[in-house]
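[1] Following is a predicted model, sequence given first.
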Amino acid sequence: MNAGKCEICSLSMKTFAGAYGSEVGVAGLKWIPRGGLYITGGLTPKNISWIEGEQSMFMQAFNDKGRVSELLEEVPLYAVMAEDLGLRGSHILAFKLLREDLARVEVSGDVRKNELNMLLAVGVGSCLAGGLLAAALIKKR
């Protein structure tokens, strides 16, 4: 069923968005990341219409923190629209481990160590940039 046409579905999604926003707000208070709080995972891009907008249940619950709500005004909130950040993190770890292994062994033949290190750096950079560039600003400070 479509959440826009089914009253129970719509209520369920509003409840979910409120619970999700409340938990993200708690994380914001826990760490107070003034550079930005990035929410990731498959739930975020799939449900962005329930998350974005100052009047959404998500944002209302995010901001509803009583007398400490003002702290959240200093935290920009971003929704990362890439769903594969876990996989990208695994790639970064694999690149780092490979780089450490390369530092311990001699590379011979046509492939030079510097070229391999450059390839590794490009791989790590593309993994990081792809995820962060896909972030959509939800709330500014």
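    All right, it came through fine.
[2] can you give me the strands in this structure?
    Under the criterion DSSP state E, the chain contains strands at 37-39, 77-80, 135-139.
[3] Pull the residues that contact the first one.
    In other words, strand 37-39. The contact list for strand 37-39, computed with CB atoms under 8 Å, 6 or more residues apart in numbering, reads 24, 27-28, 31, 51, 75-80, 132, 135. The way it works is simple: take the backbone N, C-alpha and C, and place the C-beta from them, glycine included.
[4] Are any of those residues buried, and if so which?
    Neighbour counting with 16 or more other CB atoms under 10 Å marks 24, 28, 51, 75-80, 135 as buried within the contacts of strand 37-39.
[5] Can you tell me which of those is closest to A61?
    Using CB to CB, V24 comes nearest to A61 of these, at 8.3 Å.
[6] measure the closest one to G35 for me?
    Distance, V24 to G35, using CB to CB, to the nearest Å: 16 Å.
[7] circling back to that earlier point, between the buried ones among the contacts of strand 37-39, which sits nearest G41?
    Comparing these against G41 with CB to CB places V80 closest, at 8.1 Å.
[8] any idea how far I51 is from that closest one?
    Applying CB to CB, the value for V80 to I51 is 12 Å.
[9] One more: G21?
    From G21 to I51 the distance is 7 Å (CB to CB).
[10] returning to what we had before: hey, least reliable of the strands of the chain by pLDDT?
    Per-stretch mean pLDDT for those is lowest at strand 135-139 (a mean of 58).
[11] What is the least confident helix or strand in the chain?
    Within the chain, judged by mean pLDDT, DSSP states H and E, the helix or strand with the poorest mean is helix 113-133; its value is a mean of 56.
[12] Any idea how many residues pack against I32?
    I32: 13 surrounding residues under other CB atoms under 10 Å.
[13] ok, longest helix in this structure?
    helix 7-31 (DSSP state H).
[14] Now do the buried residues in that helix.
    Buried residues in helix 7-31, counted by 16+ other CB under 10 Å: 13, 17-18, 20-22, 24-25, 28.
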